[in-house]
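> the following block contains a protein sequence and its predicted model.
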Amino acid sequence: MAPMGIPPSDVEVLVINGKEKVREFSDDMLEHMKSQKWIFSKPALLLMRPFMKREEYEVLDKFMYPAIEIFEEMRKEDTDYLLYGASLAMYFHASPYADPADPFITATYAMLAAETLDLGSCMIGTIGPMLKNGGKKVKEKYGINPRNQPGIMIIFGYPAVKYRRAIRRNLAKIHYF
């Protein structure tokens, strides 16, 4: 019910309710990630390097490949390191006609609503990019339109710790004109 631009909204939401269902989605995503892992390997990245920006290369090399390795290792220990064993997950994505920021705005409002219910929430940024190029089986199973733009996953749960103060956060830069 939060303010938005021109209605109707083109944002869609996949609601995954219950630890077992969230774990099933996490396992399905991990299987998809494992099938795509070769793309992030050193030999593949070296071949693609001339066609990508330095920042893209570094994210794939220094983040994606190691992250998938960690997800796999933790899964062997029966730990869901992708979605942290959350009891509720919501994947916000949008039609091809929407502004790419729309799912993120909607997800942010969902996080604020969760806060009012004393729920903890966390954005998981690895799901959207992994579904962007591929993930046909996952999209089909969970009813995600294959043409939709990638979005953002939010996990929710009751926090184990209550903090007295929020973490101070700073922007990377503030430029005045």
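Nice, thanks for sending it over. Numbering: from 1, shown residues only.
> tell me the buried residues in whatever helix or strand Asp28 lives in?
Assessed by DSSP states H and E, Asp28 sits inside helix 19-36. Residues of helix 19-36 classed as buried by neighbour count (16 or more other C-beta atoms under 10 Å): Lys19, Val22, Arg23, Phe25, Ser26, Met29, Leu30, His32, Met33. Bear in mind the C-beta positions are built from the backbone N, C-alpha and C, glycine included.
> also stretch 97-116?
For stretch 97-116, burial by neighbour count (16+ other C-beta under 10 Å) applies to Ala98, Asp102, Pro103, Phe104, Ile105, Thr106, Ala107, Thr108, Ala110, Met111, Ala114.
> read off the pLDDT value for the most centrally placed residue in the chain.
Nearest to the geometric centre of the chain sits Gly125, at 3.2 Å (C-alpha atoms, centre = their mean). For Gly125, the pLDDT comes out at 92.
> correct me, but it touches Gly151?
No: between Gly125 and Gly151 there is no contact, the gap being 10.0 Å when judged by C-beta atoms under 8 Å.
> quick check: mean pLDDT across stretch 137-145?
Mean pLDDT, stretch 137-145: 95.
> now the end-to-end length of stretch 42-62.
Using C-alpha to C-alpha, to the nearest Å, one end of stretch 42-62 lies 10 Å from the other.
> any buried residues in it, and which?
Neighbour-count burial for stretch 42-62 flags Leu45, Tyr57, Leu60, Asp61 (criterion: 16+ other C-beta under 10 Å).
> need the helices for this structure, in chain order.
If DSSP state H is used as the criterion, the helices of the chain fall at 19-36, 42-48, 54-59, 65-76, 102-116, 127-132, 136-141.
> biggest strand in the protein, by residue count?
Longest strand in the chain by number of residues (criterion: DSSP state E): strand 149-157.
> off-centre distance for that one?
Its chain's C-alpha centre and that of strand 149-157 lie 5 Å apart, by C-alpha atoms, centre = their mean, to the nearest Å.
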